[in-house]
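Peer 1: let's see this in three dimensions:
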Amino acid sequence: MSPKAARLLDKAGHAVRSARLLVDGGEPAFAVGRAYYAMLYSAEAMLAELGLEFRKHSAVHSAFGERYVNTGAVDAQYHRWLLAAFYKRIAGDYSADVDVEPAEVEELIRQAEAFREMAARILKRESTQ
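Peer 2: Reported below is the predicted structural model:
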């Protein structure tokens with residue numbers, strides 16, 4: 001695994017742990033953003049391993065779909081999770097009237113953890129080939 005991919009995967013782990021701390025501290029709307037970023041960093045790690053780097057979230061979303069989902073390397077559910085989390089993060093960050101249920105955030109954190117684990121498995125496999 002490249003050093004950049006490893007750093008991004010580590011950052012994803014920190015984001016998951018931060019999301020958990022926020023939801024446990026009664027801040028579910030802010031936990032949504034950390035869960036999303038855990039998925040984003042995981043996708044960026046996978047793309048970095050291919051030598052790809054992007055400045056916009058939409059470019060990461062698109063490239064992840066093209067390089068991993070459309071090729072069948074990754075189940076499409078991960079792409080759906082990434083996009084759904086992105087829109088929830090936008091609502092949480094920019095709307096004053098967001099009401100997020102803790103159970104919804106728990107599910108999002110679970111997805112972020114699963115996304116990071118999937119990325120780690122793929123990156124490990126790619127680095128041993």
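
Peer 1: residues touching S42, list them.
Peer 2: L8, L9, A12, A112, F115, R116, M118, A119 (CB atoms under 8 Å, 6 or more residues apart in numbering). Every C-beta, even on glycine, is put in place using the N, C-alpha and C of the backbone.

Peer 1: how close does it get to A48?
Peer 2: Per CB to CB, to the nearest Å, S42 is found 11 Å from A48.

Peer 1: what touches both of these two?
Peer 2: L8.

Peer 1: now the strands for the chain?
Peer 2: In chain order, the chain shows no strands, with DSSP state E as the criterion.

Peer 1: where does pLDDT dip in it?
Peer 2: Scanning the chain with the threshold set as pLDDT under 70 gives 127-129.

Peer 1: can you pull out the helices in this protein?
Peer 2: 3-24, 28-49, 57-64, 76-94, 102-127 (DSSP state H).

Peer 1: run the chain-centre distance for the second one.
Peer 2: Helix 28-49 sits 3 Å away from the centroid of its parent chain (CA atoms, centre = their mean, to the nearest Å).

Peer 1: as TSV, the helices of the chain with distance to N70 would be great.
Peer 2: Converted to TSV, the helices of the chain look like this (distance: least, CB to CB, whole Å):
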stretch	distance to N70
helix 3-24	20
helix 28-49	14
helix 57-64	10
helix 76-94	9
helix 102-127	15
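
Peer 1: looking at those helices, which is buried most?
Peer 2: helix 28-49 (a mean of 25; mean count of other CB atoms under 10 Å).

Peer 1: can you give me the angle it makes with helix 57-64?
Peer 2: When axes from the mean of the first three to the mean of the last three CA atoms, to 10 degrees is applied, the directions of helix 28-49 and helix 57-64 differ by 50 degrees.

Peer 1: put the alpha carbons of helix 28-49 into PDB.
Peer 2: Coordinates of each C-alpha in helix 28-49 appear next as PDB, following Å, rounded to 0.1, in the frame of the first residue of the first chain:
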ATOM      1  CA  PRO A  28     -25.700  13.400  15.900                       C
ATOM      2  CA  ALA A  29     -25.900  16.100  13.100                       C
ATOM      3  CA  PHE A  30     -22.100  16.700  13.400                       C
ATOM      4  CA  ALA A  31     -21.400  12.900  13.600                       C
ATOM      5  CA  VAL A  32     -23.000  12.600  10.100                       C
ATOM      6  CA  GLY A  33     -20.200  14.700   8.600                       C
ATOM      7  CA  ARG A  34     -17.400  12.700  10.200                       C
ATOM      8  CA  ALA A  35     -19.000   9.400   9.000                       C
ATOM      9  CA  TYR A  36     -19.200  10.800   5.500                       C
ATOM     10  CA  TYR A  37     -15.600  11.900   5.600                       C
ATOM     11  CA  ALA A  38     -14.500   8.400   6.700                       C
ATOM     12  CA  MET A  39     -16.100   7.100   3.500                       C
ATOM     13  CA  LEU A  40     -14.600   9.800   1.400                       C
ATOM     14  CA  TYR A  41     -11.100   9.300   2.800                       C
ATOM     15  CA  SER A  42     -11.400   5.500   2.200                       C
ATOM     16  CA  ALA A  43     -12.500   6.100  -1.400                       C
ATOM     17  CA  GLU A  44      -9.600   8.600  -1.800                       C
ATOM     18  CA  ALA A  45      -7.200   6.000  -0.400                       C
ATOM     19  CA  MET A  46      -8.300   3.400  -3.000                       C
ATOM     20  CA  LEU A  47      -8.000   6.000  -5.800                       C
ATOM     21  CA  ALA A  48      -4.600   7.100  -4.500                       C
ATOM     22  CA  GLU A  49      -3.400   3.500  -4.800                       C
END
